[in-house]
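Q: after the sequence you'll find the predicted model.
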Amino acid sequence: MTTATTARLETKAADDFAHVEIALARLAETVNTKSAANDNLKGRLDALELKINRHGLVAANDNNAAGPERKAFDSYLRRGEETKTLRVADDTAGGFFAPEYFQAELDRNLVLFSPIRALARVIPTSSGAVLWPNRQSGMTAQWTGETAPRPSTTMTFGERRYTVRELSAYVDVSNQMLEDAEMDIGAMLNFEFAESFGQAESAAFVNGASILSPAGFMQDTTIGYTASGSPGAIADANGQADGIIDLYHSVKTPYRANAVWGMNSNTLSAVRKLKDKNGDYLASMQGVNNAPATTLLGRPIVEMPDMPDVAVGSFPIIFGEFGAGYRIFDRVALSIMRDPYTQASNGLTRFWGRRRVAGGVGKAEALRKLKVAVS
């Protein structure tokens, strides 16, 4: 090999080695860049996780981390009834939700409401009113002779109309409280709206006058009644509860199999003191199938705070099968709308709650009331 050839080979080898060094340097630079980017991304994710999981965003009695839907709802409420403004400056109006050191619990006064929804037949609807046909009279069969003319018969029908009504309320919350409160704002508003709406609709299912609210079963004149034995009392002059026994047997047997008694706590107190001729209490704390409940003549008693007290001419007790006797039609579930504009000039965000529902008596014969005697 000549000297010139050797020189050319050495020069080519040096060039190739230089190219390899350049390629390795570029590869190292790329790896370092991606590593730095990954470290930066990891740092941002760690910071975000720390912020999301900071003390107070998850309720104290919640054993699981907040799900994505709950976080999204809370974010929606933060950013984007009778009216009372929630603000940071006044502790009694909401300022307790943004203290320097915060315990994520909220004490609430207990709200009582009648559990009609758990007893009645609940049906979804997609219209503003529901027409439900009902049979008013059935066929009449008659005995006939072998060759005698067969009698004709007929049936008559009617219908009940259940108009969907709207329940609504709003509350104003200061923007500063939305930004600074460590309380789960979404859970709090959801609970408060649900509790308020639940109380209002259950009261309507019992006593609603059907002007703006659903029709309550206590206002329905098609439901019959049985008189008590003594004026102003649910027992007769001898302390016997014959009127209650008559009420039980005035409901048709098929309905009694799933029937319950409805009354408020004051009436229940009076009922539990009733005794038979042997001095035994009529009401029992031993429930059906050994369930822990108060029963009367073998059927459960359900406390309904919206029922009236015992008084002359009142109807303090109702008995029957609510699954057949009362119907509830859900049109729009409870929804909460965030309005940052209406009260923007006052530094407030308004939250609207609304619900659409209908209710009314189904089969009136499935329910019956006890009327306290007048004289």
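A: Looks like it arrived, so ask away.
Q: got the domain ranges for the protein?
A: 1-52, 85-136+156-375 (automatic domain parsing).
Q: tabulate these (a markdown table), appending mean pLDDT and mean neighbour count.
A: All C-beta spots, glycine's among them, are computed from the backbone N, C-alpha and C. Shown next, in a markdown table, are the domains of the chain (pLDDT from 0 to 100; neighbours: other Cβ atoms under 10 Å):
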| stretch | mean pLDDT | mean neighbour count |
| --- | --- | --- |
| domain 1-52 | 59 | 10 |
| domain 85-136+156-375 | 84 | 17 |
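Q: save the ones you listed as JSON lines, and put in distance to residue 144 too.
A: Formatted as JSON lines, these follow (distance: least, Cβ to Cβ, whole Å):
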{"stretch": "domain 1-52", "distance to residue 144": "81"}
{"stretch": "domain 85-136+156-375", "distance to residue 144": "23"}
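Q: could I get the full set of helices for the protein?
A: 3-52, 68-78, 116-119, 175-180, 185-207, 242-250, 253-256, 265-272, 322-325 (DSSP state H).
Q: help me confirm that residue 264 comes into contact with residue 301.
A: No: using Cβ atoms under 8 Å, residue 264 is not in contact with residue 301, being 10.8 Å away.
Q: intersection of neighbour lists for the two?
A: Among the neighbours of residue 264, none is also in contact with residue 301 (Cβ atoms under 8 Å, 6 or more residues apart in numbering).
Q: between the domains of the chain, which one is nearest to residue 145?
A: With Cβ to Cβ as the measure, domain 85-136+156-375 is the member of these nearest residue 145 (27.9 Å).
Q: how close does the nearest residue to residue 166 once chain neighbours are set aside get to residue 331?
A: Leaving aside its chain neighbours, residue 166 sits nearest to residue 356 (5.0 Å; criterion: Cβ to Cβ, 6 or more residues apart in numbering). As judged by Cβ to Cβ, to the nearest Å, residue 356 and residue 331 stand 4 Å apart.
Q: please enumerate the strands of the stretch 51-200 of the chain.
A: For the stretch 51-200 of the chain, applying DSSP state E, counting those that start in this stretch gives strands covering 85-86, 121-124, 129-137, 156-163, 165-174.
Q: between those strands, which one is nearest to residue 275?
A: The nearest among the strands of the stretch 51-200 of the chain, by Cβ to Cβ, is strand 121-124 at 35.7 Å.
Q: what is that closest one packed up against?
A: For strand 121-124, the packing partners by 3 or more Cβ pairs under 8 Å, 6 or more residues apart in numbering; DSSP states H and E come out as helix 322-325, strand 326-339.
Q: neighbouring contacts of it?
A: Contacts of strand 121-124 (Cβ under 8 Å, 6+ apart): 130, 322, 323, 324, 326, 327, 328, 329, 330, 331, 362.
Q: quick one, what contacts residue 235?
A: 228, 229, 241, 243, 274.
Q: check residue 74 and give its pLDDT.
A: pLDDT for residue 74: 62.
Q: pretty sure residue 196 contacts residue 168?
A: No: checked against Cβ under 8 Å, the pair residue 196 and residue 168 is beyond contact range at 10.6 Å.
Q: who touches both of the two?
A: When contacts are counted by Cβ under 8 Å, 6+ apart, the set common to residue 196 and residue 168 consists of residue 353.
Q: please list all residues in contact with the closest residue in space to residue 337 that isn't next to it in sequence.
A: When the adjacent residues along the chain are set aside, residue 337 lies closest to residue 352, with 4.4 Å between them (Cβ to Cβ, 6+ apart). With contact set as Cβ under 8 Å, 6+ apart, residue 352 has these partners: 168, 169, 170, 336, 337, 339.
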